[in-house]
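> sharing a model that was predicted from the sequence below.
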Amino acid sequence: MRIGKVLGLSVGALIALIVIALLAVWLLVNPNDYKPRIAAAVKDATGRDLVLQGDIKLAVFPWIALELGQASLGNPPGFSDQPFLAFKQAAVRVRLLPLLAKRLEVGRVEIDGLDLKLLKNAAGKGNWEGFGRAGAQAPAPEQKPAKAGGALQGLAGIKISNARVSYQQITVQNLNLETGSFAEKGEVPVTLRMDANRGVADEHASLDARFDFSADPSAERYALAALNLNGVITLAGNARAVNCSVTAPAVELNLAAQTLAAPAVAVNMAGAQVTGSVQGTQIIDAPTLTGTVTLGPLVVREFL
């Protein structure tokens, strides 16, 4: 009994000391003083310039929280001086007490005002290629690659607000993405909304998507459940917008076996209702799709 009491007091004292130390860091350390070192570390890791224009805020209890203000990451040599990506605000939080027990529990990662510009130069190389220092050594062959998705297992969710992504003449804007928790095993609910255009006057499209996502990266298997897509497309020279939708109870992708399966799919395009199923084989090496298609009753004149 006495040993248990001593151990309890010792653990309590240790936790108290850690909390006091963290509070001292919060009170005495200004994370903005480390901007040059952070930028240098990013430059060393990616070969690109990081500009931290906004303030860095740090909290330590009950979350270790890092909040970044306006920031941008530059393009590699051979591209324009405009940033590769920029954002207005970003935040990530990690629970303190589970971290002391060697468990990583990450709160929701939030990014607001993301602006991603994808470009190609005259040589056909994309600005999303070539991250890292030139000549950096590749991992030794005997090293096992980290499991994809491992860093997401303790993540409470992702929220991206008011984002914009551009590539050549294609622009996706008003992009809002929100997911549920990755910490729980099973399906992750995902909501996606966005507008898009391809640089043609009076043409644009919008998309509202909802689905549950699940993955087994070690087996290279991925699945969507309760897929529900709704879109509106406006074409040049046609004032009437075209409404479309796609629903599917389940879509399964197996990259190891190179198969795709959607046992039931329903598509509605401007009132034309199509139902059926899709099976795909050799989807990477030599894609082959088979299935069934049924067109519901259609008034052709109204459709045209």
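In hand now; what should we look at? Numbers count the residues shown, from 1 in each chain.

> residue 302: what secondary structure?
helix (DSSP: H, G, I helix; E, B strand; the rest coil).

> before we move on, what about residue 45?
Assignment for residue 45 (three-state DSSP): helix.

> quick check, pLDDT for residue 294.
Predicted confidence (pLDDT) for residue 294: 96.

> so what secondary structure elements neighbour the helix or strand that contains it?
Assigned by DSSP states H and E, residue 294 belongs to strand 288-295. Counting contacts by 3 or more CB pairs under 8 Å, 6 or more residues apart in numbering; DSSP states H and E, strand 288-295 is packed against strand 272-281. Using the backbone N, CA and C atoms, a C-beta is placed for each residue, glycine as well.

> can you name the residues in contact with the strand it packs on?
258-268, 287-296, 298, 303 (CB atoms under 8 Å, 6 or more residues apart in numbering).

> now that strand and strand 288-295, what's the angle there?
Here strand 272-281 points in a direction 160 degrees away from that of strand 288-295 (axes from the mean of the first three to the mean of the last three CA atoms, to 10 degrees).

> what lines up beside strand 272-281 in the sheet?
Sheet pairing of strand 272-281 (DSSP bridges) gives strand 259-269 (antiparallel), strand 288-295 (antiparallel).

> ok now the last one, how far from the chain's centre?
Average the C-alpha atoms of strand 288-295, do the same for its chain, and the two points are 31 Å apart (CA atoms, centre = their mean, to the nearest Å).

> nearest to residue 232, out of the strands paired with strand 272-281?
Nearest of those to residue 232, taken as CB to CB: strand 259-269 at 11.7 Å.

> can you count the residues close to residue 53?
By the criterion of other CB atoms under 10 Å, residue 53 has 12 neighbours.

> report pLDDT for it.
Confidence for residue 53, expressed as pLDDT, is 91.

> also residue 225?
On the pLDDT scale, residue 225 gets 95.

> where's it, which helix or strand?
strand 221-234.

> okay, and the beta partners of residue 262?
For residue 262, the beta-bridge partners under DSSP bridges are residue 278.

> where along the stretch 51-200 of the chain do the strands fall?
56-59, 63-68, 71-73, 85-87, 89-95, 109-112, 115-118, 158-167, 170-179, 188-197 (DSSP state E, counting those that start in this stretch).

> redo these as CSV? Include distance to residue 207 and mean neighbour count.
As requested, those are arranged in CSV below (distance: least, CB to CB, whole Å; neighbours: other CB atoms under 10 Å):
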stretch, distance to residue 207, mean neighbour count
strand 56-59, 34, 15
strand 63-68, 29, 17
strand 71-73, 27, 18
strand 85-87, 22, 21
strand 89-95, 24, 17
strand 109-112, 20, 17
strand 115-118, 17, 17
strand 158-167, 13, 17
strand 170-179, 9, 16
strand 188-197, 6, 17
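
> of all those strands, which one comes closest to residue 283?
Using CB to CB, these put strand 188-197 closest to residue 283, at 21.9 Å.
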